[in-house]
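Q: Model the following, please.
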Amino acid sequence: MSKSKTPKDGATCKLDLQVAGKRIRPTTGISDPKVARKVEGAAKELAENVKTASPERLKRLCAAIFDAAGVTPPWENQTPEPTPLEFVTRWLTDNSPTLSVDLFGKYCGALQNFVETCPARTVRLIRRSHVLSWHRDLEKQFSPATASQKVGLLAKALQDAVDEGLMDSNPARRIGSVTATVERRDLSDADYDKLTEYVRFHGESNNEEWMTAIALARWNGLRLMDAVNIRQNNVVNEGSILDFVCAKTGERMVVPLHPVCQIRLAITFCDRLRLKSKSQLSQCFTRFLERAGVELSLIHISEPTR
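A: You can find the predicted model right below:
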């Protein structure tokens, strides 16, 4: 750190400090000798304490120097850095007009869940370790694909923070990609028997409806989203035919109804599930499997072998 010189009366001296490798040069000159001496004393004290003083103490010394020089400290001219919650709230508000209702709901859920668990006080302090920890927690609750999707939503929001200068780099970039090692496992006969046994002793209406959906998917080849939306008006020809519109393709499907499905539909339809999105369906179905003790990473309901 260079030592400021006391100027002659009427002369101008510019403060020239170097602290922690950074040079500070306020543009405002010091024309008063008394002020210059105060600045010199504060600068000397700063130099003596720069290696041992706390950040708060150093900031007070710097503030004294700027005050003596009649200069507003640069940190007082800056807008305080937003907390993760403040940034997420603003980001959602700014982007809501460009997002569909379904996608906006996904962003809200993912981003709010992250800020609830993130220990960073400001957006700039979000670290890659925070995102990795969150991703591990997601994989305990969701499939790898869903966990990866949620991290991808966070990465998009944080990239805007980088573009705004709130962050130096994106800590969520390239985290959570689903690799080819993840295998899809079928719902086996043993799994189906376990679900049947569980429902027998836990006869809540929703459990019965899940078994109806599984039967339609397992024996009639329906997608699970179509299965939960089958209603009485979709069953025609004295209960032997299914007539419905496929949610994925929008095409009309007319297929024979398997006898097992006829029995299930005689018990109940999926009236209470009313699942509006694929992600909501996946989460609720996973929780049903977990309650029954069926552990699957990525499930595929195939036709039984017996």
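
Q: What is the end-to-end distance of stretch 246-260?
A: End-to-end distance for stretch 246-260: 21 Å, by Cα to Cα, to the nearest Å.

Q: distance between that stretch and the chain's centre?
A: Between the centre of stretch 246-260 and the centre of its chain there are 35 Å (Cα atoms, centre = their mean, to the nearest Å).

Q: Equivalent analysis for stretch 277-284, please.
A: Offset of stretch 277-284 from its chain centre (Cα atoms, centre = their mean): 17 Å.

Q: Please put the alpha-carbon coordinates of it into PDB.
A: C-alpha atoms of stretch 277-284 as PDB (Å, rounded to 0.1, in the frame of the first residue of the first chain):
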ATOM      1  CA  SER A 277     -50.300 -33.800 -15.100                       C
ATOM      2  CA  LYS A 278     -47.800 -36.500 -15.800                       C
ATOM      3  CA  SER A 279     -45.500 -35.300 -13.000                       C
ATOM      4  CA  GLN A 280     -48.300 -35.300 -10.500                       C
ATOM      5  CA  LEU A 281     -49.300 -38.800 -11.600                       C
ATOM      6  CA  SER A 282     -45.700 -40.100 -11.200                       C
ATOM      7  CA  GLN A 283     -45.300 -38.700  -7.700                       C
ATOM      8  CA  CYS A 284     -48.600 -40.000  -6.400                       C
END
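
Q: neighbouring contacts of that stretch?
A: With contact meaning Cβ atoms under 8 Å, 6 or more residues apart in numbering, stretch 277-284 is reached by 102, 105, 106, 142, 143, 146, 224, 225, 228, 273, 275. Where C-beta positions appear, they are placed from N, C-alpha and C, glycine not excepted.

Q: From residue 103, how far off is the fifth one?
A: The span separating residue 143 from residue 103 equals 19 Å under the rule Cβ to Cβ, to the nearest Å.

Q: Tell me the pLDDT of the nearest residue to residue 112 once chain neighbours are set aside.
A: Among residues not flanking residue 112 along the chain, residue 88 sits closest, at 6.6 Å (Cβ to Cβ, 6 or more residues apart in numbering). Per-residue pLDDT puts residue 88 at 94.

Q: Over to the one 5 residues further on?
A: The predicted local distance difference test score for residue 93 is 92.

Q: most surrounded residue in the contacts of stretch 277-284?
A: Of all the contacts of stretch 277-284, the highest neighbour tally under other Cβ atoms under 10 Å goes to residue 228, namely 26 neighbours.
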